[in-house]
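# Sequence and computational prediction follow.
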Amino acid sequence: MTARVGVVTFPGSLDDGDAARAVRVAGGEAVRLWHGDADLHGVDAVVLPGGFSYGDYLRTGAIARFAPVMESIIDGARGGLPVLGICNGFQILCEAHLLPGALTRNSHLHFRNRDQWLRVHAASTAWTNSFEADQEILVPLKSGEGRYVADAATLDELAATGRIVATYLRGNPNGSERDIAGVTNEAGNVVGLMPHPEHAIEALTGPSLDGLGFFTSILKHLAGAPA
């Protein structure tokens, strides 16, 4: 049976269509989910896409965290539902306390839009099992509030428990603590990533095909998950 991956659309989402396409290119069925609908329609996993949910008012992701769909996603994630938050989606996951830390204004106070090298560290999560540990990948980055911050104890714990998913290579684009580009929860089912893997799935439009690994990973994970 084809895995069904939900892609949420919030007011201000920009990359929901791209995320849905990435799911389809990987071989899954993309199911569009609406922010105002708490029903997840039986999906096997969820992607929170990039964009500017609710206009980024208050703080990035702060209003989206309270959307009806997020109530079901939070409950599902705590029960093992795989969830990937990309850029604004990562911000929402932090606001929802599904991931530690916060995403703040880039340290240089400028928007950054560029192809970014990453090193994948945690290659055993639901969203990264198609990669090798320490693999270097190239995916687009586009954000003005992408600086990952957390207290020293949290950063130490993330490093010690293998929960840093990826770090920036060849230059830190936003001042993130310890060059962190993505983290995971303890169970490995929830992942937040600031760069955009959904924009690196086809040779025609991406700087590489490296982003596709995040979407093939979830299909592999679901195929091996117990019924």
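Received the coordinates, thanks. Every value quoted in this text rests on a predicted model; they were computed, and no experiment measured them. Numbers count the residues shown, from 1 in each chain.

# When you work out contacts or count neighbours from here on, use the C-alpha atoms and nothing else.
Will do.

# Quick one: the strands in the chain, in order.
Using DSSP state E, the strands found in the chain span residues 4-9, 29-34, 45-48, 83-86, 102-104, 112-120, 135-143, 147-149, 164-168, 180-184, 190-193.

# now the helices for the chain?
In the chain, the helices defined using DSSP state H lie at 16-26, 68-78, 88-95, 152-160, 212-224.

# closest one to Ala102 among these?
Among the helices of the chain, the nearest to Ala102 by C-alpha to C-alpha is helix 88-95 (5.7 Å).

# what's next to that closest one, contact-wise?
Contacts to helix 88-95, defined as C-alpha atoms under 8 Å, 6 or more residues apart in numbering, come from residues 47-53, 60-62, 64-65, 84-85, 99-103, 191-194.

# That helix versus strand 135-143: what angle between them?
90 degrees (axes from the mean of the first three to the mean of the last three C-alpha atoms, to 10 degrees).

# Would you mind extracting the C-alpha trace of helix 88-95 into PDB?
Coordinates of each C-alpha in helix 88-95 appear next as PDB, following Å, rounded to 0.1, in the frame of the first residue of the first chain:
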ATOM      1  CA  ASN A  88       8.600  27.700   9.000                       C
ATOM      2  CA  GLY A  89       7.500  24.200   9.800                       C
ATOM      3  CA  PHE A  90      10.600  23.800  12.000                       C
ATOM      4  CA  GLN A  91       9.700  27.000  13.800                       C
ATOM      5  CA  ILE A  92       6.200  25.700  14.400                       C
ATOM      6  CA  LEU A  93       7.500  22.400  15.900                       C
ATOM      7  CA  CYS A  94       9.700  24.400  18.300                       C
ATOM      8  CA  GLU A  95       6.700  26.700  19.200                       C
END
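
# Quick check: mean pLDDT of that helix?
For helix 88-95, the mean per-residue pLDDT is 98.

# now stretch 211-224
In the prediction, stretch 211-224 has an average pLDDT of 97.

# Who is Thr9 paired with across the strands?
Assessed by DSSP bridges, Thr9 has beta-bridge partners Trp34.
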